[in-house]
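Enquirer: Model the structure of this input:
(chains A, B, C and D, ligands or ions: 2)
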Amino acid sequence: MKARVHITLKNGVLDPQGKAIKHALFALGFDGVNDVRQGKYIELDLAESDPDNTQAVVEEMCKKLLSNTVIENYAIEIV
Amino acid sequence: MKARVHITLKNGVLDPQGKAIKHALFALGFDGVNDVRQGKYIELDLAESDPDNTQAVVEEMCKKLLSNTVIENYAIEIV
Amino acid sequence: MKTAVIVFPASNCDRDMIVALEKITGHQPHIIWHQDDYIPAVDLIALPGGFSFGDYLRCGAMAARSPVTRKVIEHADRGGNVIGICNGFQVLTETGLLPGALMRNESLKFVCKDVRLKVENNDTPFTNAYEPGEVITVPVAHHDGNYFADDDTLYALEEEGRIAFRYVNDDGDTTLAANPNGSRNNIAGIISRRKNILGMMPHPERLIENAHGGTDGLGFFKSMINAIN
Amino acid sequence: MTWNNNVEITDALVREHGLSTQEYDLCLKILDRTPTLTELGIFSVMWSEHCSYKSSKKHLKTLPTTAPWVIHGPGENAGVIDIGDNQAIIFKMESHNHPSYIEPYQGAATGVGGILRDVFTMGARPIANMNALRFGSPNHPKTRHLLSGVVEGIGGYGNCVGVPTVGGETNFHPAYDGNILVNAMTVGLADQDKIFLSAAAGIGNPVIYVGSKTGRDGIHGATMASAEFTEDTEEKRPTVQVGDPFTEKLLIEACLELMSTDMVVAIQDMGAAGLTSSSVEMASGGGVGFDFNLDMVPQREEGMTPYEMMLSESQERMLIVLKPGRENEAKAIFDKWDLDFAVIGKITDSGNLTLTFKGEVVADIPTQPLADNSPEYDRPWVKPQPKPFLDTDDIAAPPDMKQALLTMIGSPHLCSRDWIWQQYDMQVMADTIQKPGGDAAVVRVHGTDKAIAISTDCTPRYCYADPVEGGKQAVAETWRNITAVGATPLAITDCLNFGNPERPEIMGQFVGCIEGMREACNILDYPVVSGNVSLYNETNGTGIHPTPAIGGVGLFDDYSKMVTIAPQAEGEILLLIGETKGHLGASLYLEIMEGREEGAPPPVDLEVEKKNGNFVRTQIGAGNIAACHDISDGGLYVALAEMAMAANIGMTVTIDNGRVPLHAYAFGEDQGRYILSVPAEKAEAIMSAADDSISIQIIGKVGGDAFKINGITGISLSELLNAHQGWMEEYMGLE
Ligand SMILES: Nc1ncnc2c1ncn2[C@@H]1O[C@H](COP(=O)(O)OP(=O)(O)O)[C@@H](O)[C@H]1O
Ligand SMILES: [Mg+2]
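Expert: Numbering: from 1, shown residues only, chains lettered A, B, ... in the order given. Ligands and ions are numbered 1, 2, ... in the order given. From the prediction side, this is the model:
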């Protein structure tokens, strides 16, 4: 199965990248940008074929490696 | 409106981050991983309120800055 | 030889480049701030190393879209000489002045060390002071130096002799172990079709005095003086 | 939740803020009324161990801090020393231990950011970074992750701001399993007539906030750094600060540009306890008051309260007092660099820090008593029982000397740190003339013949075995390392990392280390000009080894005189300076080969240290020496092997170990020793230049491609290099 994982910064955590992108967009003439946040997007192709198991495994991957739970949230989608 | 942009590497472009994640997952005992690809996920909060206009503006942002079309694809979702 | 060095926010090898150019040409380069929209007529424009705009989003991406970069492109289109070292190379690929892209090092780690480089083509304004096939030592210091181009582009670069420098071992062989970042075909630097633009990851400006531990970078600057004067 | 500045201040609330009953009483006395919530927050961070040095002050005062070349000692943001020609070197070391344990990348990165600001806030351009790191046992499940994140964070920040990271030290020991140490040091260069201090002056002058916006970062950071870890600390996951090195780089350039004008009256970075400690320090230092309108503070998030704004530890921010009427000129500079700039208040003659928020006064505190009457404790301490001297006869010789040497240089303690330093840009600014791998790092003073030598050192196992000797040794080792490259040691900074000071045995370690440091600084004429104390490095009652990390700085008038540890040519003669008694107590040999951590550490005879060092430095200065290396961890054989590896040349050494057993001679860690590699024709002259009080002997010759020495018939250079370089790369490869 495939899983899609979104990793985003927790609310209130400074996002220097997002800030810089917002700024660069503004310099390029895009002036209606209120906010930009940058995160990571990870696509996994897994041997597992049961959706529930996949969800559980990916959840564990997120906790153990993919996200830094001190400052990041993760969201998992099984497709 | 809000827009969500996924930026992923084109097929055929090697992905050092994805490869490293796959390797690290394997080392952690997750052995059923066929493939991992890492991309970027950008959330935009825009002053624009028309969905079509928003789509067009974000499309332009992707072309002009957010993605490097030599190696990357982008996908836009308006929410 | 008249030169200009472009300074972006968080360029940080700008002073090193200015010092090197001044030492070698005897003239202070023009220092151009990224918001300037005028570059005086010069023989060479240098895009220095560093972390322009923090290297956020993609290395060199924001600098490539800075107003001053349009002037650099115009200069290059007129056949003017341009060099991009490290972050400057990343900026050049982001503008499209040079093909390909520089991706995260295969190790995912920043790498700072001396590497051996083979001068693959010494018939360019940037390499003519070296012997063909000469192996030199120059430091690298980057997080994203993993050169990628698709097969067709790579083939064309090789066929047209546009590989300027390649990472090699002490014997001059292109080996996996000699490659510090995973770049395709061990590419360390390339030139444009018209040979007026060079981009390279290693830092020749850091090896031009005995106190630096060697002077292998001098040939790079001497080449430009040969070509331009 | 609506915010109420006038909540009832209960005992529980006071305790939650880490204030004791006596401290709270003092607070009531100073205010002469009950504090508001914002005021309570301010007292709590100002009087935390981290900001107030309440447990350490009494002892720190006993350290020597003056010398003719000291321009500013402790008390300013960083120490300042004179290097001639109107130039000054400004430096300091600081800890970021707890944050790095919780989030190694960001913790270490913001540690680098913080120490950089301490240095450039005084008007210096940072020219070098160093880092002193201690991790737990390599076998501890967290160590890899922590090492990896810390190194990446240090590189990620320092590389981006464009300051070379040129050296440091790295130890592993189970004592740090639950409390790693991340100490970062920055060295900067300034003109003596352009040094900026923090004391505010000029009633009515505008107070300016510049840099990043304020968010809710690390609101409990400063208090966290002063509290012991318990099991559930990890669960609490305090908001860690995220560093933005790009903004820091802009801030450096903008501040230096501002300082090149005559607009600045005073300037101070916002470090731990952010806006609170910076404003209190500036106001109390100048004997004035500050009147702030907190609505003007640039804010990253909606609905921030005064309490949050005053306690936030958002990074990359500075507070500046300008000359009147210069606001627009200053703003233009910060606009150019795209940084927030806000006039948040002005100087008053009230002596109070007066904070207004939405038209209401939310805090009004006299700053002088807040800063000066802060608690000071004379904590009870007991003198640690010094460990007995070990008899060498009780320490077995290894079955095979060759294997022992290879095991030692391939151990986590002595293996090459190139996996670490290759992640640091060591050369940016093009003035690094001695990279990591030698005794001290050396960076040129740009555009001159001068250069600065820097070394960070501490041997925690010595400090644990005997705090006084350990304290001496840490200071002496930096002095020796700086001497070994040929520079003149001038002054030190320190970062004193200890466990819980409320335990008398820990306090005894602290007092002992200070005593040793004091003696060494006095005799070596090597004052302390800045420093930092990090206490409560303790988890569930187990403290770290006492770790007074020392950062030493020395000067070359002419850097062409510098030497490295690498012999220059075949045929050079090897000389050994200093006496070898074969001291194996608390040595690495004992720990690595015997698995024992016992015995007294090698004593440091400071008079001998001074004599030997001065002799070596004079000989280097005279151009007689090709290479020099001091003998430290691992002893004589390890030091010789390091020299051979650095030059990739073999050597043949014959020692006369007399009555000292060979393994003790080989691996003993007697202090005050150096190895010199000298051109053959110079050897005699050098020998005769040494008076009788200096122990000097010829021990061998450089050449060939093998390392040969008593007990070892030969090790090829490649065998040595493989053993030395393999461990860390392999270990981290399993991450
Ligand atoms: N964390 C680190 N960062 C950079 N360099 C380091 C680090 N740890 C150790 N080094 C370098 O490794 C070399 C050996 O360190 P060390 O054994 O502590 O030296 P010494 O015994 O001379 O004090 C030194 O050049 C030192 O600067
Ligand atoms: Mg040493």
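
Enquirer: The host helix or strand of A:Phe26 near chain D at all?
Expert: Using DSSP states H and E, A:Phe26 sits within helix A:16-27. Yes - judged by Cβ under 8 Å from any Cβ of the partner chain, helix A:16-27 comes into contact with chain D through A:Pro16, A:Lys19, A:Ala20, A:His23. C-beta here means a position set from N, CA and C on the backbone, and glycine is covered the same way.

Enquirer: Now do the contacts for D:Thr36.
Expert: D:Asn5, D:Asn6, D:Val362, D:Ala363 (Cβ atoms under 8 Å, 6 or more residues apart in numbering or on different chains).

Enquirer: can you rerun that using 6 Å?
Expert: D:Asn5, D:Asn6, D:Ala363 (Cβ atoms under 6 Å, 6 or more residues apart in numbering or on different chains).

Enquirer: Could you check how far the closest residue to it other than its chain neighbours is from chain C?
Expert: Distance criterion Cβ to Cβ, 6 or more residues apart in numbering or on different chains; nearest residue to D:Thr36, sequence neighbours excluded, is D:Asn5 at 4.8 Å. Here the distance between D:Asn5 and chain C works out to 37 Å (Cβ to the nearest Cβ, to the nearest Å).

Enquirer: what number of residues lie near D:Asn5?
Expert: Using other Cβ atoms under 10 Å in any protein chain shown, D:Asn5 is surrounded by 18 other residues.

Enquirer: And the contacts of the helix or strand D:Leu370 falls within?
Expert: Element membership for D:Leu370 (DSSP H and E) is helix D:367-372. With Cβ under 6 Å, 6+ apart as the test, helix D:367-372 has contacts from D:Ile30, D:Met46, D:Val280, D:Ala283, D:Ser284, D:Gly351, D:Leu353.

Enquirer: Got phi/psi on the second one?
Expert: Here is the backbone geometry of D:Met46 (degrees, to the nearest 10): phi -70, psi -30.

Enquirer: ok, it - contacts?
Expert: Neighbouring residues of D:Met46 by Cβ under 6 Å, 6+ apart: D:Leu370.

Enquirer: how near is it to ligand 2?
Expert: Note on D:Met46: its distance to ligand 2, by Cβ to the ion, to the nearest Å, is 40 Å.

Enquirer: Which positions in chain C make contact with chain D?
Expert: Selection of chain C residues close to chain D by Cβ under 6 Å from any Cβ of the partner chain yields C:9-10, C:12, C:16, C:51, C:54, C:109-113, C:139, C:141, C:206, C:211.

Enquirer: From those, list just the buried residues.
Expert: C:9-10, C:12, C:16, C:51, C:54, C:109-112, C:139, C:141, C:206, C:211 (16 or more other Cβ atoms under 10 Å in any protein chain shown).

Enquirer: Out of these, name the ones that lie in helices.
Expert: C:Asp16 (DSSP state H).

Enquirer: Report the secondary structure state of C:Tyr147.
Expert: Classification of C:Tyr147 using DSSP: H, G, I helix; E, B strand; the rest coil returns strand.

Enquirer: Excluding sequence neighbours, find me the nearest residue to the residue of chain C found nearest ligand 1.
Expert: At 10.9 Å from ligand 1, C:Cys112 is the closest residue in chain C, using Cβ to the nearest ligand atom. Excluding its sequence neighbours, the residue lying closest to C:Cys112 (Cβ to Cβ, 6+ apart) is C:Ala141, at 4.2 Å.

Enquirer: so the residue nearest to D:Glu281 when sequence neighbours are not counted, which of the three states?
Expert: Nearest residue to D:Glu281, sequence neighbours excluded (Cβ to Cβ, 6+ apart): D:Ser198, at 5.6 Å. Counting by three-state DSSP, the backbone at D:Ser198 sits in coil.

Enquirer: burial count for D:Ser198?
Expert: 22.

Enquirer: And the furthest pair within the residues of chain C next to chain D?
Expert: Farthest pair in the residues of chain C next to chain D (Cβ to Cβ) is C:Gly54 and C:Ala211. Separation: 30.6 Å.

Enquirer: one step back: how close does the residue nearest to C:Cys112 sit to D:Asn159?
Expert: 7 Å (Cβ to Cβ, to the nearest Å).

Enquirer: Identify the contacts common to the two.
Expert: Jointly contacting C:Ala141 and D:Asn159 under the rule Cβ under 6 Å, 6+ apart are D:Asp425.
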